[in-house]
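Peer 1: based on what follows, work out the 3D shape:
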Amino acid sequence: MSRQRRRTASVALAGALVLWLAFAAWALEVSVRELVEAPERFDGQAVLVRGTVTRLDRRVSQRSNPYYTFSLSDGLRVVRVFSFGDTACRNGESATVEGTFNRVKKTGGYTFYNEVTGTRILCP
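Peer 2: Alright, predicted model coming up:
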């Protein structure tokens, strides 16, 4: 790889890291309970929430895009999580989800309530 390409790749990687750190610093850390009990307070906000993965469902859209959904539970309450791609998460595992919370989300004739569109999802 040429010196210029290495430099360009390094700059791109550094930029991506800065954006991720900015989002992580900007995301509001909340609990599942807070999201469920006061969804209007967090509507449209960047959030970081932790819980247990349940009802994991992997699918492929009509346009051949893989995506998955799951319920993130605190043991009593749940919020729905949606993300494109695939996940290493499994039912029963702890997860940390960063993304945007929507109290009501309408997509393709469907309506979803209390959903986090995940941009970064970590499972142990």
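
Peer 1: from now on I want contacts and neighbour counts done on CA atoms only, so please keep to that.
Peer 2: Noted.

Peer 1: quick one, helices of this structure?
Peer 2: 3-26, 32-37, 39-42 (DSSP state H).

Peer 1: for the spatially most central residue of the chain, which non-adjacent residue is spatially closest?
Peer 2: When CA atoms, centre = their mean is applied to the chain, the residue found nearest the centroid is G118 (1.4 Å). Among residues not flanking G118 along the chain, G99 sits closest, at 4.2 Å (CA to CA, 6 or more residues apart in numbering).

Peer 1: beta-bridge partners for that neighbour, please?
Peer 2: G99 forms beta bridges with V47, G118, as assigned by DSSP bridges.

Peer 1: is it true that it touches V47?
Peer 2: Yes. Between G99 and V47 there is a contact under CA atoms under 8 Å: 5.6 Å.

Peer 1: which neighbours do the two share?
Peer 2: Common neighbours of G99 and V47, using CA atoms under 8 Å, 6 or more residues apart in numbering, are A27.

Peer 1: residues contacting L72?
Peer 2: By CA under 8 Å, 6+ apart, the contact list for L72 reads 32, 50-54, 78-81, 95.

Peer 1: of those, closest to W26?
Peer 2: Distance to W26, by CA to CA, is smallest for R50 among the contacts of L72, at 16.3 Å.

Peer 1: how about the contacts made by the closest one?
Peer 2: Residues near R50 by CA under 8 Å, 6+ apart: 31-32, 72, 74, 94-97.

Peer 1: got a pLDDT number for the residue nearest to the centre of the chain?
Peer 2: On pLDDT, G118 comes in at 97.

Peer 1: got the contact list for it?
Peer 2: G118 makes contact with 81-83, 97-100, according to CA under 8 Å, 6+ apart.

Peer 1: from the residues you listed, pick the one nearest Y67.
Peer 2: For the contacts of G118, the residue nearest Y67 by CA to CA is S83; the value is 5.7 Å.
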